[in-house]
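Engineer: Build the 3D model from these lines:
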Amino acid sequence: MFLRRKAMLRQILSSCLLLPCVFLHASAQSAAAPQPAPDRWEAEIQAFENSDKTQPPTKDGVLFIGSSTIRLWKTLAQDFPQLKVINRGFGGSQIEDSLRYADRIIIPYKPRRIILYAGGNDITSGKTPARVAEDFKQLIARIRQQLPATHITYISILPNPARWHLDEKMRQTNSLIKALIDGKGRHLSYLDAYPLLLGADGQPRPELYVEDRLHLNEAGYRVLQAAVAAHLKTKKN
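Structural biologist: Predicted coordinates:
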């Protein structure tokens, strides 16, 4: 009887010791960010391709590409009337998405300049600043294979109230990408628009965002347009 009770007690203790491992494993699984489907933007890319068949973009233009900040820039052509602009912002895309579709919506246009805004969605998805910087490095390398003379400008990740809790990681990402760009020749440049959207208190200026506190409103785009225009004057090559 005594031996049977001792065996049962040993089994209970063993089960209790295993419980933390089970909970840790479950927590790790729940903490893992779900991986988005690689082809989630296929419909949008096909729409670009269909548009290109009916109205082929002019070669030697200025290609704006990246996430929704580019996609929602509805006044892009009016804001830069002297340029042959092409808007290929799509969805809530990440840098790796621009890399995935480079052969379809970047290389064929043979643009003289590319202006890229992306990276914020990458951090929000759970990627580290180092991973985002590596994706950027791969995208630049891919473009350089086919378009060695095309000037590429990266617009820094912009601050916004909705993602302010991730601001430190956003800043780190900007710093890493800037470090990759600095000293890499005249065909690659970094546009630091980040501080332009901050107030005197160091917080994002709420009057520059729409109700979702994430995307720019008309006033916000005026700030961004002025920054890009000034950058283009100083980085003509």
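Engineer: Give me the helices and strands touching the helix or strand containing residue 50, please.
Structural biologist: Secondary structure assignment for residue 50, by DSSP states H and E: helix 42-54. Judged by 3 or more Cβ pairs under 8 Å, 6 or more residues apart in numbering; DSSP states H and E, the packing partners of helix 42-54 are helix 102-105. From N, CA and C alone the C-beta is placed, and that goes for glycine too.
Engineer: Tell me the buried residues in the helix it packs on?
Structural biologist: Within helix 102-105, the residues that count as buried by 16 or more other Cβ atoms under 10 Å are 102, 105.
Engineer: before we move on, the earlier item: name the next helix or strand downstream of the helix holding residue 50, please.
Structural biologist: strand 62-66.
Engineer: which residues sit against that following strand?
Structural biologist: Residues from elsewhere that reach strand 62-66 (Cβ atoms under 8 Å, 6 or more residues apart in numbering): 70, 73, 76, 80, 83-89, 93, 98, 105-106, 109, 111-118, 155.
Engineer: From these, which land in strands?
Structural biologist: 85, 86, 87, 88, 89, 113, 114, 115, 116, 117, 155 (DSSP state E).
Engineer: now the residues you listed in JSON lines, with distance to residue 196?
Structural biologist: Listed next are these as JSON lines, based on distance: Cβ to Cβ, whole Å:
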{"residue": "85", "distance to residue 196": "21"}
{"residue": "86", "distance to residue 196": "24"}
{"residue": "87", "distance to residue 196": "21"}
{"residue": "88", "distance to residue 196": "24"}
{"residue": "89", "distance to residue 196": "19"}
{"residue": "113", "distance to residue 196": "21"}
{"residue": "114", "distance to residue 196": "21"}
{"residue": "115", "distance to residue 196": "16"}
{"residue": "116", "distance to residue 196": "18"}
{"residue": "117", "distance to residue 196": "14"}
{"residue": "155", "distance to residue 196": "11"}
